[in-house]
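Peer 1: sequence and predicted structure are below.
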Amino acid sequence: MDPPPLADAPFDDQSADTVLRSTTSNVDFLVNRHLLAFSSLFFQTMFSLPQGNVEQEMRDHRPIIRVEEDRETLGMLLGYCYPKWLVGDRLVPSDTIGILKVHHAAQKYLMDGVEHRVRQDLVSKRMLAEEPLRIFAVAVQHGYLEEARIAARETLRLPVGSSEYVPELEDITGGDHYRLLLYHKLCGERAEDVVKDFCWVTNESFVWFECAECRRNPAANAPVRWIISGRRPKWVFSRWFLEYMDWVIKALTERPSGTVATDMELFDATMANASLCRTCFQGGRALKDFREFTSALAREVDRATSEVGIEIRSRA
Ligand SMILES: [Zn+2]
């Protein structure tokens, strides 16, 4: 029977002295055992053991070590062990599942240096943008306190309290999950303060305070009184803007993150509503004012929630 195909460069290098065979993907990685031993206490120990009488499986005079990791995981794991100039960026995990598999393998093969770098990559912008709750659970499970805090903050844009489930929640305790929910609740309260007390609003000439047409047509919504910075009272007349506020207040309780205020879909829907008032929409005023307001609201929500801490219990 033919041997499995070789992996892509640099793992097809004929000067390599060892074969790592992925049994799940049926592919051989030609590797340098010194590099492997240098990165992994597991392989270092394996290579230092005296060879027994068991006949060693070979490929072209190179001993074969069978491993369970699939082709992608093994490639990425070795990508962390090999010098960057050799492997480039193409072996960097691109999604949460990928990086979690590499993390698992790094732990299994006692690769402390790799684990350290994976830890940093776990909380990279790209990973957090994808599935922060999974990263939070993994960080808590392994006692990565700082990473857990960073990921917890990112989970604020998810409705963690009501509907979010990820398999990694099975690996943390009820106490850990309770503390995350408590953190969400406290952040939700801070966000609520921001949309109740408008002392952070400095611009008193927003179109919803001034539009004569909206003032004449309050429709179902009566105007709402705000107290803005400098204790200045202002009436909000525009129905489209009040509808946005109703929505954002509800959403922030469940997802207390600035990204909720600047959500693109909501932005477009609100502008479609605003376009019904010609005066508001004239000269792009609604657009400009609304953009300014939502950015300020997002900033303010994030500032308020940044003062809330989450307790992460160390596993040690
Ligand atoms: Zn108007």
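Peer 2: Arrived safely, thanks for sending. Not measured: the values here are computed from a predicted model.
Peer 1: quick check: the residue nearest the centre of the chain vs the ion, distance?
Peer 2: With distances taken as C-alpha atoms, centre = their mean, the chain has L128 as the residue nearest its mean C-alpha position (1.4 Å). L128 sits at a distance of 39 Å from the ion (criterion: C-beta to the ion, to the nearest Å). Using the backbone N, CA and C atoms, a C-beta is placed for each residue, glycine as well.
Peer 1: not counting sequence-adjacent ones, nearest residue to that residue?
Peer 2: Here the nearest residue to L128 in space, its sequence neighbours aside, is E154; by C-beta to C-beta, 6 or more residues apart in numbering that works out to 4.5 Å.
Peer 1: three-state assignment of the one you found?
Peer 2: Using DSSP: H, G, I helix; E, B strand; the rest coil, the structure places E154 in helix.
Peer 1: how much space between the nearest residue to H142 once chain neighbours are set aside and the ion?
Peer 2: Take H142 and drop its neighbours on the chain: the residue closest to it by C-beta to C-beta, 6+ apart is R315, 7.0 Å away. Between R315 and the ion the distance is 56 Å, computed by C-beta to the ion.
Peer 1: cool, and R66?
Peer 2: Relative to the ion, R66 is positioned 71 Å away (C-beta to the ion).
Peer 1: what parts of the stretch 151-300 of the chain come near the ion?
Peer 2: Where the stretch 151-300 of the chain comes near the ion, counting by C-beta under 5 Å from the ion, the residues are 211, 213-214, 238, 277, 279-280.
Peer 1: ok, the residue nearest to V87 when sequence neighbours are not counted - contacts?
Peer 2: Once flanking residues are discounted, V87 sits nearest to G79: 4.6 Å by C-beta to C-beta, 6+ apart. Each residue near G79 by C-beta atoms under 8 Å, 6 or more residues apart in numbering is listed here: 87, 91-92.
Peer 1: redo those as a markdown table? Include secondary structure, distance to the ion and pLDDT.
Peer 2: As requested, the contacts of G79 are arranged in a markdown table below (DSSP: H, G, I helix; E, B strand; the rest coil; distance: C-beta to the ion, whole Å; pLDDT from 0 to 100):
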| residue | secondary structure | distance to the ion | pLDDT |
| --- | --- | --- | --- |
| V87 | helix | 58 | 86 |
| L91 | coil | 55 | 84 |
| V92 | coil | 50 | 85 |
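Peer 1: between these, which has the most around it?
Peer 2: Using other C-beta atoms under 10 Å as the contact criterion, the top neighbour count among the contacts of G79 goes to L91, which has 22 neighbours.
Peer 1: gap between the closest residue to L41 other than its chain neighbours and the ion?
Peer 2: Taking C-beta to C-beta, 6+ apart, and ignoring the residues beside it in sequence, L41 has L110 as its nearest neighbour in space, at 3.8 Å. From L110 over to the ion the distance is 66 Å, taken as C-beta to the ion.
Peer 1: mind checking the SS state of L110?
Peer 2: Look at L110: counting by three-state DSSP, its state is coil.
Peer 1: check contacts around it.
Peer 2: Listed by C-beta under 8 Å, 6+ apart, the contact set of L110 reads 40-42.
Peer 1: for V224, grab the count of nearby residues.
Peer 2: V224: 15 surrounding residues under other C-beta under 10 Å.
Peer 1: for beta bridges, what are the partners of it?
Peer 2: With DSSP bridges applied, the residues forming beta bridges to V224 are V236.
Peer 1: flag the shaky bits of the protein, pLDDT-wise.
Peer 2: When residues are selected by pLDDT under 70, those of the chain lie in 52-53, 218-221, 316.
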